[in-house]
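> When you get a sec, could you give me coordinates for this:
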Amino acid sequence: IEGAFASLDACHFYNNGKQGIMTWKSAGKLKAENCEIHSHPLESGVLVAESEATFNGCKLYGNNLAGAVAQNKGILRMFDCDVHDNDEGILIQDTGIAHIQKCSVFSNRANGIFIGFDHRGSASIIENKVINNHYKGILIGNNRRVVVRDNTEYGNRGHPPLLPANIQAKSVTVSRKYLKR
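Predicted coordinates:
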């Protein structure tokens, strides 16, 4: 229903096949408070695409790909959330829009907050604590429409991201014709 609004309070989303919460295609606004979103073995805890979602005081952890993703004109707002032990903590890509404020983003297998190299939307990353992630704390691709202000970053190791447990590296065979110059 266009213009609809959904509100979640103290809900628990865990161990679903794909995303814990997916809002997309003009689904209306979503507001989640004090929810736990965790342990999704194949995808992300939250995916926002072509819709709008606000998370306040939520915990997103143990998800295979990311704690939260904004893409495809999705608008993601997060306040006072804990995002930890995911592959990427928070991923903002292509035309996704995000406002992340006063969140604790820590111990993720790749970046704490990653604004992708393909990102063309806007983002504001303000007053967050981004610590002890395996790669970077806050990594910004090529977009100049990103505001980063008053964040605390430390203990991010700068190592290449770890592969999620269910993804295994495979050898690739390249034809000799592609190796010639």
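
> what's across from residue 100 in the sheet?
Beta-bridge pairing of residue 100, defined through DSSP bridges, involves residue 78, residue 125.

> and what of residue 153?
With DSSP bridges as the rule, residue 153 is bridged to residue 130.

> Let me see the contact set for residue 4.
27-29 (CB atoms under 8 Å, 6 or more residues apart in numbering). Yep, even glycine has a C-beta here, placed from its N, CA and C like the rest.

> swap that for residue 18, please
Counted by CB under 8 Å, 6+ apart, residue 18 has contacts 40, 42-43.

> Burial check on the closest residue to residue 138 other than its chain neighbours, number of neighbours?
Leaving aside its sequence neighbours, residue 138 sits nearest to residue 113 (CB to CB, 6 or more residues apart in numbering; 4.7 Å). Residue 113: 31 surrounding residues under other CB atoms under 10 Å.

> Wait, residue 113 touches residue 125, no?
Yes - if you go by CB atoms under 8 Å, residue 113 and residue 125 touch, sitting 5.9 Å apart.

> got the buried residues for stretch 81-101?
81-93, 95-101 (16 or more other CB atoms under 10 Å).

> let me redo that: stretch 119-131
Those buried within stretch 119-131 under the rule 16+ other CB under 10 Å are 119, 121-123, 125, 128-131.

> before we move on, what about stretch 142-151?
Under 16+ other CB under 10 Å, the buried positions of stretch 142-151 are 143, 146, 148, 151.

> Residue 5: which of these is nearest?
residue 146 (28.2 Å; CB to CB).

> Find the nearest non-adjacent residue to that closest one, please.
residue 123 (4.7 Å).
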